[in-house]
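In: I need the structure of the sequence given here:
(one chain, ligands or ions: 1)
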Amino acid sequence: MKLAVIGHPIRHSKSPFMHNNWLKESGIEGHYEAIEVSPEQLKDQVERFKELGYKGFNVTIPHKETIIPFLDEIDPAAKLLGAVNTVVIEDGKCTGYNTDGRGFLMSLLTKRSESDIHHAQILVLGAGGAAKGIIGALKAFGAERISIANRTSAKAATLAEQQQVSGEGLDLKSAEKQLHRFDIVINTTSVGMVPDVLQMPVDTSLMKKGALAADIIYNPLSTQFLKTAESAGAESLNGIGMFVWQGALAFEKWTTEKPDTNYMIKKMTEYMK
Ligand code: ATR
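Out: Numbers count the residues shown, from 1 in each chain. Here you go, the predicted model:
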């Protein structure tokens, strides 16, 4: 089975390590490779995948949105989001999906129960593509209380209205002032990523004890956002779970196999150290 991930740049992708492990464990003969694809090459690369008999591929920065016109079908949830991270090729037809939001939700379910998620006061930081996918998945799952905060607060307000969440769109400063009232705070911004590891989008020392801080960043494994939340007595969830789960959901679409996510989270955590 031929699989790949395309992006620009792609050389630091951890996806080949993960998927090649799963292929081996599932006893599927195949290979998952990382292919550097520039925006100009994107259309031709999709055709090449079809010609060469690939079963599918993942799509990452900067192609998640621009790939849509080159695909034959788009899953309704991915269409709504306007972003695709997984493509399945069947009978020469490419269908686009997005497993990112659901991947986050599956990771969150390792820390909180279904009913916790339904009733928790949830704050999502950021209003970009990642935030959209995560809010969509949380809402589809039945989360009732979601607020959104963003550096550019107008974007948070627009997203809050589009997704019809209960809370209003906030700026980061006013979100920080209210941080103590949230049970789950999710960072979907790029703040805290290597190399700016000392930054955080809001000061999580203001979180309440026992609340959960979740970051989608996994490099570094423990961001300042998570470390500070922990020292305030909150729990933390790093981005490895979401990364592994978005991959597992893609792997299942290609192979119909459900790969071992717990084992992979441990293995990836070691690999990232
Ligand atoms: P993604 O697809 O990963 O969500 P994106 O769509 O570019 O990427 O969104 C990036 C998010 O990180 C945005 O919410 C952005 O805030 P703005 O809408 O105000 O740009 C947020 N972000 C990026 N850098 C930031 C910074 N230095 N401080 C605060 N927020 C930041």
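
In: Tell me the pLDDT of the closest residue to Q163 other than its chain neighbours.
Out: Nearest residue to Q163, sequence neighbours excluded (C-beta to C-beta, 6 or more residues apart in numbering): I135, at 5.1 Å. C-betas here are computed from N, CA, C, even on glycine. What the model reports for I135 is a pLDDT of 96.

In: got it, and Q224?
Out: pLDDT, read off for Q224, is 98.

In: Could you pull out the buried residues of stretch 169-182?
Out: Residues 169-170, 172, 175-176, 178-179, 182 are the ones in stretch 169-182 that count as buried (16 or more other C-beta atoms under 10 Å).

In: out of these, what pair is the most spread apart?
Out: Greatest spacing in those, by C-beta to C-beta: G169 and L179 (16.1 Å).

In: So what's the residue count around the residue in the stretch 1-150 of the chain that the ligand sits nearest to?
Out: Residue nearest to the ligand within the stretch 1-150 of the chain (C-beta to the nearest ligand atom): G128, separated by 2.1 Å. Other residues near G128 number 15, with proximity taken as other C-beta atoms under 10 Å.

In: What of T110?
Out: Neighbours of T110 (other C-beta under 10 Å): 12.

In: now the residue nearest to the residue of the stretch 1-150 of the chain closest to the ligand when sequence neighbours are not counted: how far from S174?
Out: Closest residue to G128 apart from its sequence neighbours, by C-beta to C-beta, 6+ apart: T188 at 6.9 Å. Computed as C-beta to C-beta, to the nearest Å, the T188 to S174 distance reads 18 Å.

In: so what's the residue most central in space within the chain up against?
Out: In the chain, the C-alpha nearest the mean C-alpha coordinate belongs to D100, at 3.8 Å (C-alpha atoms, centre = their mean). By C-beta atoms under 8 Å, 6 or more residues apart in numbering, the contact set of D100 is 83, 85, 130, 133-134, 242, 246.

In: per-residue pLDDT, it?
Out: 96.

In: which non-adjacent residue is nearest it?
Out: G133 (4.5 Å).

In: tally of neighbours for that neighbour?
Out: 29.

In: Then Q246?
Out: Going by other C-beta under 10 Å, the residues that sit close to Q246 add up to 25.

In: same deal with T95?
Out: 18.

In: hang on, it in a strand?
Out: Yes. Read with DSSP: H, G, I helix; E, B strand; the rest coil, T95 is one of the residues of a strand.

In: Could you measure from it over to S147?
Out: For T95, the distance to S147 - C-beta to C-beta - is 34 Å.

In: is it fair to say the residue nearest to Q163 lies in a strand?
Out: No. Secondary structure of I135 (three-state DSSP): helix, not part of a strand.

In: Surely it and I148 touch.
Out: Yes. Here I135 lies in contact with I148, judged by C-beta atoms under 8 Å, at a distance of 7.0 Å.

In: Spell out which residues are contacts of both of the two.
Out: 124, 159, 163, 165.

In: before we move on, the earlier item: now go through the contacts of D100 and say which are in helices.
Out: Assignment to helices by DSSP state H places the following of the contacts of D100 there: 130, 133-134, 242, 246.

In: hmm, who's touching the helix or strand hosting V5?
Out: Taking DSSP states H and E as the criterion, V5 maps to strand 2-7. Strand 2-7 is contacted from outside by 13, 15-16, 19, 23, 30-37, 42, 45, 49, 52-63, 254, using C-beta under 8 Å, 6+ apart.

In: Send over it as PDB, restricted to the C-alpha atoms.
Out: Output in PDB follows, covering the C-alpha atoms of strand 2-7 (Å, rounded to 0.1, in the frame of the first residue of the first chain):
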ATOM      1  CA  LYS A   2       1.500   3.300  -1.000                       C
ATOM      2  CA  LEU A   3       0.800   6.300   1.300                       C
ATOM      3  CA  ALA A   4       2.400   9.700   1.800                       C
ATOM      4  CA  VAL A   5       2.200  13.100   3.400                       C
ATOM      5  CA  ILE A   6       2.700  16.300   1.400                       C
ATOM      6  CA  GLY A   7       3.700  19.700   2.600                       C
END
